[in-house]
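Engineer: pasting the structure only:
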Ligand SMILES: [Fe+2]
Ligand SMILES: [Fe+2]
């Protein structure tokens, strides 16, 4: 059970009301990230302890919370976004990181902040801010985030097949991810199916 502060709880409630698609996406990504962390720990790719896994799960639930502070019409638009609208939507990482400020402290704050702020960064610098040194837990959540986005039906398209998604990930069509993480995710998804 993940304990939020009163403010973070109410932000999640608000997200459920205002944009339930993002809310349920966050729940699915959290579930997937939790499975990933258990597997990467087992394989020796990571060695997160229970506290750290809890913080990562909390940060995963909150990763898109900044979408509450961008114009809702951008989230529901059924055609592609204009450049200025895209810039606006991209602000959700900074706005989300700002929203968790003062709510958490120490390492927990660091983990949650990094997940909100950097989940769209890629190891080749191909993300929103061009940051390359991204903590492993952010990379794990990012690949789960992309998987869920491609796997789910969106207003503008149906969810893609597993085969297409993993082909896209391997061909770096959604930014660059670690090969070991792509492999790990593929195994997990096979287990779920
Ligand atoms: Fe996001
Ligand atoms: Fe997301």
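Structural biologist: Structure's in. What do you need? All values reported here derive from a predicted model rather than from experimental measurement. Ligands and ions are numbered 1, 2, ... in the order given.
Engineer: tell me which parts of this structure are close to ligand 2?
Structural biologist: By Cβ under 5 Å from the ion, the residues of the chain that approach ligand 2 are 64, 145. Glycine gets a C-beta too; all of them are placed from N, C-alpha and C.
Engineer: Find the centremost residue of the chain, please.
Structural biologist: By Cα atoms, centre = their mean, the chain has its centre lying nearest to residue 145, at 4.0 Å.
Engineer: For the lowest-mean-pLDDT helix or strand in the chain, list every residue counted as buried.
Structural biologist: Within the chain, confidence by mean pLDDT, DSSP states H and E is lowest for helix 72-76 among all helices and strands, at a mean of 86. By 16 or more other Cβ atoms under 10 Å, the buried positions in helix 72-76 come out as 74, 75.
Engineer: Pull the residues that contact it.
Structural biologist: 18, 19, 21, 22, 67, 81, 85, 88, 89, 155 (Cβ atoms under 8 Å, 6 or more residues apart in numbering).
Engineer: Swap in 10 Å and give it another go.
Structural biologist: With Cβ atoms under 10 Å, 6 or more residues apart in numbering as the test, helix 72-76 has contacts from 18-19, 21-22, 64, 67-68, 81-82, 85-86, 88-89, 91-92, 155.
Engineer: that older thread, isn't the residue nearest to the centre of the chain right next to residue 122, touching?
Structural biologist: No - using Cβ atoms under 10 Å, residue 145 is not in contact with residue 122, being 11.6 Å away.
Engineer: Overlap in contacts, the two.
Structural biologist: Contacts common to residue 145 and residue 122, judged by Cβ under 10 Å, 6+ apart, are residue 174.
Engineer: The residue nearest to the centre of the chain and residue 16, how far apart?
Structural biologist: If you measure residue 145 against residue 16 using Cβ to Cβ, to the nearest Å, the figure is 18 Å.
Engineer: same check, this time on residue 26
Structural biologist: Per Cβ to Cβ, residue 26 is found 10 Å from residue 16.
Engineer: The two: which has the busier surroundings?
Structural biologist: Shown here are residue 26 and residue 16; by other Cβ atoms under 10 Å, residue 26 has more neighbours (22 against 14).
Engineer: Tell me how many other residues surround residue 91.
Structural biologist: Neighbours of residue 91 (other Cβ under 10 Å): 17.
Engineer: coming back round to it: what subset of the contacts of helix 72-76 is buried?
Structural biologist: Among the contacts of helix 72-76, the ones that count as buried by 16+ other Cβ under 10 Å are 19, 22, 64, 67, 68, 89, 91, 92.
Engineer: okay, these in TSV with secondary structure and pLDDT next?
Structural biologist: Formatted as TSV, those follow (DSSP: H, G, I helix; E, B strand; the rest coil; pLDDT from 0 to 100):
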residue	secondary structure	pLDDT
19	coil	92
22	helix	95
64	coil	98
67	helix	97
68	helix	96
89	helix	95
91	coil	97
92	helix	97
